[in-house]
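Peer 1: Provided below for reference: sequence and predicted model.
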Amino acid sequence: MFETYIKDYNEAVFEIDKEAAIEVVEKALSNGITPEDIVFKIVMPAVEDMMQHVLNDLDTNLAQHFMTAQIAAEITEKMLLQFSEPPEVIGRVIIGTAFGDLHSLGKRIVTGCLKSMMVDVIDLGVNVTSEEFVNAAIEQDAQVIAVSSMMMHTATGEEGSLAVRDLLKQQGLESKIKLVVGGSPYRYDNELYTQVGADSWAPDGITAAKIICDLIREVKKS
Amino acid sequence: MKSHTLTLRTPSTTLRLLIAEDLSVRLALDLASTRVRAACGGIGTCGACTIQTVNGEFSSTTLTEYQKISADEREKGLRLACQLYLKSDAEVFLENPAPLSNWKSFDLSAWPSYNYPAFDTNNLYYGIAVDLGTTHIRVSFWDRKQQKRIACRHGNNPQVALGEDVLTRLDVNKQRGDELQSLTQIIRDAIIQGVHDILARDIGEIKSILDKVGMVSIVGNTAMLALLSGQDGSQLYDPLNWEKPIPCIANDMDEWKQAWRLPNAKIEVQAPLAGFMGSDILAALIAIDITQHSEPVMLADFGTNTEIALWDGAQIWLTSVPGGPAFEGVGLEQGLSADLGAIKSVSQTNNRFDLEIIGDAKAKGFCASGFVDAIALLRSNNIIKLSGRFAEPSPDGYCLHQDNIKTAIKPADIDAFQRAKASTAAAMEQLLVLADISVHNLSKLWICGAFGQHLNLHNAQITGLLPSMDCSRIKLFGNAALSGCEKMLLDPNAKQKETEMRQVTRVVNLTHYPEYDDCFINHLRLKPFLGDK
């Protein structure tokens, strides 16, 4: 029975059919599956599965990518409210779009994936200054700052990721707060992230969430 | 009106065209890629447009033709294309076509006709309207005294060579630094070339006519107008400027007029509404007189950026979303502008896909309207699924005609289309939510821009590009921005209307609405949305 839910859910996600995915979850809940099992045994593995597809199957499209993250985030948020105990959160991330940039979709995908992996995400929105990024990370005790840029000039500009790196350096926070970047300019030049002072980057939302989880663990270990 | 097929041969090409009986061969060819030579407005005075009839029935020889063509030549079937009309399917031979040009006429028969009040032009009879787009330039030339359009042209914006979208071109501009002028120059040169093409072919004089041009009215998107007026467009990088009006005022107006050889003209660059909202959309709203409607109406101007306006009886809600190149046809694997060889529509008979190709030539790729048809038909046949993926793995896509790879729809094309249509559909839905209007209360929806007059509304609805409202309430209005620009050029009341419209326009930047992203993602599936019921 459980296997059927997994199969039906994966199929719905693959077909970017949100209504069908939610239907599967509701059916599972009404048949006694716990919210915890839905998140950990259905939703999270589906995100992982999708990552494999994105990496290996050139035929997957952006629509599927967007939808996987959105469905995962929506269901996880709903389920979290019904958990019997508060879930164990891996860590916390401050996310936003670089100063001068109003593109919000990229970070939204990453946010969705992070949420389904039990990472607490604070979204500062678009056109975020370096001070806002760093101050929020300090106040909220976050381990990672994630800066999204969809245009070359906001990726490499002096008020974007580079400025965040400067502030972290000045305040001696580099071992406590890691900096990651993402967005289309980085997909064209896979080494660009080093030029903008970032610790890492990822080409897609699901890989980004994994990398961020690794960095959180790294910070927590040290 | 009856139409006949004309087969046109030249030393280098063969073209087939469907021509209505009341359209001269010259005017019909002006709309195509091969034009006759011409130096008068089609009244038979220049005699440059000689063409040889090979077979078929034609209108009888006119007096002008007796004067311009010798008996010998008439014997060989020579005629003047401007005097020649088809009475049956026919074949003609054109030995000396006009040199290839960036400029073509376009069909305005679907345009509403306005009666502009006569006004004192102070002997400066002529006026020019220009719609400057990222991909295309459209120009029309008017006799303001007789309130008559002499001709119109559209051509490609030569800046396309420097980058398909606005930001890439601004980046190029930034890098060029000192050469800034050249980008301004490229676009100014292009516009005046379009004007010269009209003057040379449709009037036959240039200098004396340019002296009598009194007004040039130019609309366009903000970035293009900024570059046209000699600015570097750097303000557009700052998001704070996106919702603010950006002045596009040239500080070299005298040099500009001199370069265009328009000593007596006033060149008016119509001010954009905001950084991401040009005066082209304003012109389109003027063309449909949006504020005069007593019921809610909507207009969508499709292009590299798609603007959407909603009139609720008191305010114009206006937004702009990225369409990407999918709607211009140019960004697709087999994408084309609506030129010779472009598939402009697709239909289905049993298991066969029938392609309607511009010029009846071999298919070279899809223009936007044919592309929408193809996706809708592949979807209806379950060859692609609601998710946009092929039912059977097809990394190379699907060829509508197996023997021609130019008829292929690739997975990446569908993906690009899904994103483009989702962003516009979501924007329509969001504006309706903001204005608290439901789709069945919309009395009209105008579709302007890239799709021209060819879009199959039913197919557009199958893919979720347009809301599933009754098609009788959807109107196609290609080139609406140029039509509105003409109003600004010719209607003395247009200024007043424009000011009023600016006052009631509420520019909405959807990036400030987090729910827009969700709405966008929900619209990615290839399925109908917002039905009347």
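Peer 2: Received, thanks.
Peer 1: after the lowest-mean-pLDDT helix or strand in chain A, which helix or strand is next? Please name it.
Peer 2: Across the helices and strands of chain A, mean confidence by mean pLDDT, DSSP states H and E is lowest for helix A:44-56: a mean of 79. Next in sequence after helix A:44-56, counting helices and strands by DSSP states H and E, comes helix A:62-80.
Peer 1: what's the next secondary structure element after that following helix?
Peer 2: Next along from helix A:62-80, by DSSP H and E: strand A:91-97.
Peer 1: any part of that following strand near chain B?
Peer 2: No: Strand A:91-97 lies apart from chain B when judged by CB under 8 Å from any CB of the partner chain; the minimum separation is 8.8 Å. C-betas here are computed from N, CA, C, even on glycine.
Peer 1: other residues contacting that strand?
Peer 2: Contacting residues not belonging to strand A:91-97 are listed as A:103-104, A:106-107, A:110-111, A:114, A:119-128, A:132-133, A:136-137, A:140-150, A:154, A:212-213, A:216-217, A:219-220 [CB atoms under 8 Å, 6 or more residues apart in numbering or on different chains].
Peer 1: tell me the first helix or strand C-terminal of the host helix or strand of B:Val219.
Peer 2: B:Val219 is part of strand B:213-220, with elements assigned from DSSP H and E. Using DSSP H and E, the next helix or strand after strand B:213-220 towards the C-terminus is helix B:222-228.
Peer 1: near chain A, anything from that following helix?
Peer 2: No: remark: helix B:222-228 sits outside contact range of chain A, by CB under 8 Å from any CB, the gap being at least 13.6 Å.
Peer 1: what does that helix contact?
Peer 2: With CB under 8 Å, 6+ apart, helix B:222-228 has contacts from B:132-134, B:157, B:159, B:166, B:169-170, B:173, B:183-184, B:187-188, B:218-220, B:232-233, B:235-236, B:246, B:248, B:250, B:269-270, B:272, B:274-279.
Peer 1: quick one, which of those are buried?
Peer 2: Buried residues within those, counting neighbours by 16 or more other CB atoms under 10 Å in any protein chain shown: B:132-134, B:157, B:159, B:166, B:169-170, B:173, B:183-184, B:187-188, B:218-220, B:232-233, B:235-236, B:246, B:248, B:250, B:269-270, B:272, B:274-279.
Peer 1: residue in the stretch 201-350 of chain B nearest to chain A?
Peer 2: Nearest residue of the stretch 201-350 of chain B to chain A (CB to the nearest CB) works out as B:Pro239 at 5.1 Å.
Peer 1: ramachandran angles for that residue?
Peer 2: Phi and psi for B:Pro239, reported as degrees, to the nearest 10, are phi -60, psi -30.
Peer 1: which residues touch it?
Peer 2: B:Pro239 neighbours (CB under 8 Å, 6+ apart): A:Gly100, A:Asp101, A:Leu102, A:Val126, A:Asn127.
Peer 1: tell me the pLDDT at it?
Peer 2: B:Pro239 carries a pLDDT value of 72.
Peer 1: over to the one 10 residues further on?
Peer 2: B:Ile249 is assigned a predicted lDDT (pLDDT) of 89.
Peer 1: can you check the one 5 residues further on too?
Peer 2: Confidence at B:Asp254, expressed as pLDDT, is 95.
Peer 1: secondary structure element for it?
Peer 2: With DSSP H and E as the criterion, the answer for B:Asp254 is helix B:253-259.
Peer 1: need the contact partners of that helix.
Peer 2: Against helix B:253-259 from outside (CB under 8 Å, 6+ apart): B:Arg188, B:Ile192, B:Ala250, B:Pro263, B:Ala265, B:Ile267.
Peer 1: dump those residues to CSV, plus distance to chain A.
Peer 2: As requested, the contacts of helix B:253-259 are exported to CSV (distance: CB to the nearest CB, whole Å):
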residue, distance to chain A
B:Arg188, 26
B:Ile192, 32
B:Ala250, 25
B:Pro263, 41
B:Ala265, 37
B:Ile267, 31
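Peer 1: now intersect those with the helices, please.
Peer 2: B:Arg188, B:Ile192 (DSSP state H).
Peer 1: in CSV: the contacts of helix B:253-259, plus distance to B:Phe520.
Peer 2: Conversion of the contacts of helix B:253-259 to CSV gives the following (distance: CB to CB, whole Å):
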residue, distance to B:Phe520
B:Arg188, 37
B:Ile192, 41
B:Ala250, 38
B:Pro263, 51
B:Ala265, 44
B:Ile267, 39
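Peer 1: out of the contacts of helix B:253-259, flag the one nearest to B:Cys82.
Peer 2: Nearest to B:Cys82 among those is B:Ile192, at 25.1 Å by CB to CB.
Peer 1: nearest residue to the closest one in space, ignoring adjacent ones along the chain?
Peer 2: Among residues not flanking B:Ile192 along the chain, B:Trp260 sits closest, at 5.0 Å (CB to CB, 6 or more residues apart in numbering or on different chains).
Peer 1: my read: the one you found touches B:Arg188, true?
Peer 2: Yes: counting by CB atoms under 8 Å, B:Arg188 is a contact partner of B:Trp260 at 7.3 Å.
Peer 1: may I have the phi/psi pair for A:Val89?
Peer 2: Taking degrees, to the nearest 10, you get phi -90, psi 130 for the backbone angles of A:Val89.
Peer 1: against B:Met501, how distant is B:Ala279?
Peer 2: For the record, residue B:279 is Ser, not Ala. Computed with CB to CB, to the nearest Å, the distance linking B:Ser279 and B:Met501 is 11 Å.
Peer 1: just give me the residue closest to the centre of the chain.
Peer 2: Here I'm looking at chain A. A:Val110 (2.7 Å; CA atoms, centre = their mean).
Peer 1: my question was about chain B, not that one.
Peer 2: In chain B, the centroid-proximal residue (CA atoms, centre = their mean) is B:Asn479; its distance is 4.9 Å.
Peer 1: what's across from the closest residue to B:Arg473 other than its chain neighbours in the sheet?
Peer 2: Closest residue to B:Arg473 apart from its sequence neighbours, by CB to CB, 6+ apart: B:Lys444 at 5.5 Å. Going by DSSP bridges, B:Lys444 is paired in beta bridges with B:Val297.
Peer 1: B:Lys444 contacts B:Ile290, doesn't it?
Peer 2: No: the pair B:Lys444 / B:Ile290 is not scored as a contact, 9.7 Å apart, by CB under 8 Å.
Peer 1: ok, those two, which is more surrounded?
Peer 2: The residue with more neighbours, out of B:Lys444 and B:Ile290, is B:Ile290; 23 against 18, by other CB atoms under 10 Å in any protein chain shown.
Peer 1: and B:Ala39, what's its pLDDT?
Peer 2: B:Ala39 is assigned 85 on the pLDDT scale.
Peer 1: ok, and the closest non-adjacent residue to it?
Peer 2: Nearest residue to B:Ala39, sequence neighbours excluded (CB to CB, 6+ apart): B:Cys46, at 4.0 Å.
Peer 1: about what we covered before: contacting residues for the residue nearest to the centre of chain B?
Peer 2: Under the criterion of CB under 8 Å, 6+ apart, the neighbours of B:Asn479 are B:Phe106, B:Leu108, B:Trp111, B:Asp131, B:Arg138, B:His154, B:Cys448, B:Gly452.
Peer 1: so the residue of the stretch 251-400 of chain B found nearest chain A, which of the three states?
Peer 2: Of the residues in the stretch 251-400 of chain B, the one nearest chain A is B:Ser387, at a distance of 4.6 Å by CB to the nearest CB. Of the three states, B:Ser387 takes coil under DSSP: H, G, I helix; E, B strand; the rest coil.
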